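Visitor: would you be able to build a 3D model of this:
(one chain, ligands or ions: 2)
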Amino acid sequence: MKPLSQAAGIPVWDRFVRLFHWALVGCVVANFFIVDDGETLHQWLGYAASALVLARVVWGVVGTPYARFSNFFPTPARLRAHLAQMKQHRSAPTAGHNPLGALMMLSLMALVLGLGATGFLQTSDYFWGVEWLQTLHERLGQALIAFAGLHAMAALVMGRLERTHLIRAMVTGVKRTY
Ligand code: HEM
Ligand code: HEM
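Guide: Numbers count the residues shown, from 1 in each chain. Ligands and ions are numbered 1, 2, ... in the order given. Below is the predicted model:
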């Protein structure tokens, strides 16, 4: 993981990553807050979100350098080093994902896949009307929204602390310090 040292900006998020991110946000927010859960549209949006995550997993192996899991996978050693830096108030902006952000990103993607799987099972003959599965699906949805809220807040706060345009970078692709 490279520290971010250039105020001039580094192109980090390729077009696929940015499109993936905001399309995923759209599907998840629409499914939780707007679309009625009985509707076919809910199922299609849920499958679209799952397909986006699966495509991102492939991109994490074959994609551009900063998009690769190898660049940011939150190994215990990377997490320990990052937490130690944060404790000493000297966490430097990273060009790609920082280890905590990466842990959150993987959790969000796992929750989306969990929703896709439990959603699909609910519509199958075998699990039709099974209450624990409906409850599990609902709880996963609530966890996803709670985690996503935390994630967006962390992006805001870390951006301020490290004086880096994190959210803008997810729109333009270029990460800049100020
Ligand atoms: C349902 C809501 C959301 C989900 C599921 C979600 C998911 C994700 C995922 C999976 C990534 C990793 C991107 C990649 O490498 O492909 C990511 C990164 C990011 N997201 Fe979100 N996100 C959500 C909402 C938001 C919102 C509302 C904001 C801004 C206000 C935001 C800002 C960011 C930023 C800035 C990054 C890059 C962080 C970095 O520089 O390391 N996200 N998000
Ligand atoms: C981003 C993905 C998804 C999110 C955030 C999500 C979220 C939710 C939420 C919050 C509920 C309401 C639970 C309740 O209050 O009873 C719900 C219900 C439901 N979802 Fe999803 N869902 C997603 C994906 C899917 C998928 C892929 C399917 C099926 C193919 C699906 C099928 C259903 C069904 C059938 C219900 C109604 C269950 C009932 O009768 O209580 N969902 N979903």
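Visitor: could you say which helix or strand holds the spatially most central residue of the chain?
Guide: Centroid-nearest residue in the chain, with C-alpha atoms, centre = their mean: Met105, separated by 3.5 Å. Secondary-structure element containing Met105, defined by DSSP states H and E: helix 99-122.
Visitor: check Trp132 too.
Guide: Using DSSP H and E, the element containing Trp132 is helix 131-161.
Visitor: does ligand 2 have contacts with that helix?
Guide: Yes: part of helix 131-161 sits near ligand 2 under the criterion C-beta under 6 Å from any ligand atom, namely Gln134, His137, Glu138, Gly141, Leu144. Just so you know, the C-beta spots here come from the backbone N, C-alpha and C atoms, and that holds for glycine as well.
Visitor: from the chain's centroid, how far away is that helix?
Guide: In terms of C-alpha atoms, centre = their mean, to the nearest Å, the gap separating the centre of helix 131-161 from the centre of its chain is 10 Å.
Visitor: which is the next helix or strand following that helix?
Guide: Past helix 131-161, further along toward the C-terminus, the next helix or strand under DSSP H and E is helix 166-172.
Visitor: does ligand 1 have contacts with the next helix or strand after that following helix?
Guide: Next helix or strand after helix 166-172 toward the C-terminus (DSSP H and E): strand 174-175. No: judged by C-beta under 6 Å from any ligand atom, strand 174-175 stays clear of ligand 1, getting no closer than 6.8 Å.
Visitor: report all helices and strands that strand 174-175 contacts.
Guide: strand 10-11 (3 or more C-beta pairs under 8 Å, 6 or more residues apart in numbering; DSSP states H and E).
Visitor: what residues does the chain have near ligand 2?
Guide: Taking C-beta under 6 Å from any ligand atom as the criterion, the chain approaches ligand 2 at residues 27-28, 31-32, 37, 42-43, 46-47, 49, 112, 115-116, 119-120, 122-123, 134, 137-138, 141, 144.
Visitor: that concludes my questions; thank you for your assistance.
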